[in-house]
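# what would the 3D arrangement of this be:
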Amino acid sequence: MISTKGRYALRVMIDLAENGHGEAVPLKDIAERQEISKKYLEIIVSALVKAKLIKGASGKGGGYVLCREPDAYSVGEILEETEGTLAVVACLTPDAEACPRAEKCKTLPLWHEFDALVHDFLYSRRLTDLLGSEPGTRA
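Coordinates of the predicted model:
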């Protein structure tokens, strides 16, 4: 399940793409537009800065700006940077210990296929695919 942290990170990135135009966007403006607590957004933008998805500028005219063009970001990348692994089951996480049942596990092929579907879906969607879409519709 994608948490509010991942969902809000996507909203921050969309907001920056729609409102930044190369200029720093103040966090308070994002918080107001997105109706998200500024304090919670500070945690999210910190993770996005650490992941080098956005840059922060302090002082007058400060705020946040995308590091790349919006079409250079995948939804999967943004979610993994804020959520951690998107593996659908624990045994498929990158740091999982080898499962002693892997060779005889009848469900493992199902989980591999489902994991690949989720990964491919999220990594095939770009930030630009989400821009300008109406709520509740697919861009």
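# who touches the host helix or strand of residue 12?
In this structure, residue 12 sits in helix 4-19 according to DSSP states H and E. The contact list for helix 4-19 (C-beta atoms under 8 Å, 6 or more residues apart in numbering) reads 25, 29-30, 33-34, 36, 40-41, 43-45, 47-48, 53-54, 64-66, 70, 73, 75, 78-79, 81-83, 127-128, 130-132. Using the backbone N, CA and C atoms, a C-beta is placed for each residue, glycine as well.
# just the buried positions in that helix, please.
Neighbour counts over helix 4-19 (16 or more other C-beta atoms under 10 Å) mark 6, 8, 9, 10, 11, 12, 13, 14, 15, 16, 17 as buried.
# any idea how far the first one is from residue 86?
What it means is residue 6. 9 Å (C-beta to C-beta, to the nearest Å).
# equivalent analysis for the second one, please.
With the distance defined as C-beta to C-beta, residue 8 ends up 16 Å from residue 86.
# tell me what the one helix or strand residue 119 maps to is packed against?
Using DSSP H and E, residue 119 maps to helix 108-124. If you count contacts as 3 or more C-beta pairs under 8 Å, 6 or more residues apart in numbering; DSSP states H and E, helix 108-124 packs onto helix 75-83.
# give me the buried positions along the helix it packs on.
For helix 75-83, burial by neighbour count (16+ other C-beta under 10 Å) applies to 75, 76, 77, 78, 79, 80, 81, 82, 83.
# ditto for stretch 47-57
Neighbour-count burial for stretch 47-57 flags 47, 48, 53, 54 (criterion: 16+ other C-beta under 10 Å).
# that stretch: end-to-end distance?
15 Å (C-alpha to C-alpha, to the nearest Å).
# show me the shaky parts of the protein.
Filtered on pLDDT under 70, the chain yields the residue ranges 133-139.
# if we go to 80?
Residues of the chain meeting the criterion pLDDT under 80: 59-61, 132-139.
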